[in-house]
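Enquirer: Sharing a model prediction with you, sequence too.
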Amino acid sequence: MQKYLFIDRDGTLIEGPASGGQIDSFDKLKFYPHVICNLSKIAEELDFRLVMVTNQNGLGTPTFTQQMFLPVQNFVIDVFKNEGILFSDIIVDGSYPSENSAMRKPRTGRMKAYMNNAAIDMAHSFVIGDRITDVQFAKNMGCNAIFLDPENMRGAAEITDSIDYLKEHTVALATHNWQDVYEFLKNK
Ligand SMILES: [Mg+2]
C-alpha cells in the first residue's frame with residue numbers, strides 16, 4: 001500500500017506572510033528553514049508520495065488573482081523539483097474561512113479520491129502543517145499529523161474536535177524543525 005505525505009504550503013514549505021495575508025509577490029517569499037535538504041532526503045530515501053494541499057484565501061478574486069499567485073507558486077514548485085522533490089498532486093482551495101466550504105481544509109471535499117482509494121495506507125500517512133486546522137484535516141482523513149508550529153492556534157475557529165483531543169490522538173510529532181521531520185519519518 002502506498003503511504004502519502006499531505007503537505008501544507010504557507011508556514012510549512014515556505015514561511016507564512018508576516019502580515020497574515022497571502023503570498024502574492026516574490027518579496028514575501030522565503031523558504032522554511034532546512035525544508036529543501038530534508039524533503040529531498042525524504043523524497044529520495046523514503047517510501048512516501050508527496051501531495052501539496054493549501055488554502056489560499058480569496059484566490060481568484062481581484063485582490064488575489066491567479067496572476068499574483070502563479071509566478072511564486074511555479075517558482076516554489078521548480079525549486080523543489082530541481083532538488084528531486086516532486087509533488088504528485090497539488091490541491092489548492094481559494095475559498096475564505098467564512099464560506100465554510102466543504103472543499104477547504106480541514107474539510108476533505110477535495111480528498112475523496114484519496115480517502116476512497118484502498119491502495120492508500122492512510123493510517124501510516126501524515127499531514128504536515130503549521131496550523132491546528134492541518135491537524136484536524138489529518139484526523140478527518142484518517143491519518144496522523146506532524147505539527148510544525150505547535151504553539152500556534154490560528155485557525156482554531158475552524159476545528160471540530162477539541163485541541164486536547166487532537167494533540168493527544170492525532171499529533172504524531174510536534175516540532176519546528178524539518179530535520180526532526182526527516183528523522184521521525186525515517187523510522188516509519
Ligand atoms: Mg500553513
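Expert: Received the coordinates, thanks. Numbering: from 1, shown residues only.
Enquirer: Need the distance between the two termini of stretch 50-66.
Expert: Start-to-end span of stretch 50-66 (Cα to Cα, to the nearest Å) is 23 Å.
Enquirer: Tally up the residues packed near the residue of the chain found nearest the ion, please.
Expert: Nearest to the ion, among the residues of the chain, is residue 11, at 3.4 Å (Cβ to the ion). Where C-beta positions appear, they are placed from N, C-alpha and C, glycine not excepted. Under the neighbour criterion other Cβ atoms under 10 Å, residue 11 is assigned a count of 19.
Enquirer: again with residue 70
Expert: 11.
Enquirer: what do you get for residue 102?
Expert: Residue crowding around residue 102 was assessed by other Cβ under 10 Å; the count is 11.
Enquirer: Excluding covalently adjacent residues, which one is nearest to it?
Expert: Nearest residue to residue 102, sequence neighbours excluded (Cβ to Cβ, 6 or more residues apart in numbering): residue 109, at 3.8 Å.
Enquirer: how about the one you found, what does it touch?
Expert: Shown in contact with residue 109 (Cβ atoms under 8 Å, 6 or more residues apart in numbering): 101, 102, 103.
Enquirer: Roughly how far does the second one sit from residue 111?
Expert: Same thing as residue 102. Plainly put, residue 102 is 11 Å away from residue 111 if you go by Cβ to Cβ, to the nearest Å.
Enquirer: Return the member of the contacts of residue 109 nearest to residue 132.
Expert: The closest of the contacts of residue 109 to residue 132 turns out to be residue 101 (Cβ to Cβ; 18.2 Å).
Enquirer: Relative to its centre, which residue of this structure is most distant?
Expert: Taking Cα atoms, centre = their mean, the residue of the chain most remote from its mean C-alpha position is residue 62, at 25.0 Å.
Enquirer: Quick one, grab the pLDDT at that one.
Expert: On the pLDDT scale, residue 62 is placed at 95.
Enquirer: What of the one 4 residues further on?
Expert: Reading off the confidence values, residue 66 has pLDDT 97.
Enquirer: What residues does it make contact with?
Expert: When contacts are counted by Cβ under 8 Å, 6+ apart, residue 66 touches 59, 60.
Enquirer: likewise residue 47?
Expert: Residue 47 is in contact with residue 3, counting by Cβ under 8 Å, 6+ apart.
Enquirer: what's the spacing between it and residue 121?
Expert: Residue 47 sits 10 Å away from residue 121, going by Cβ to Cβ.
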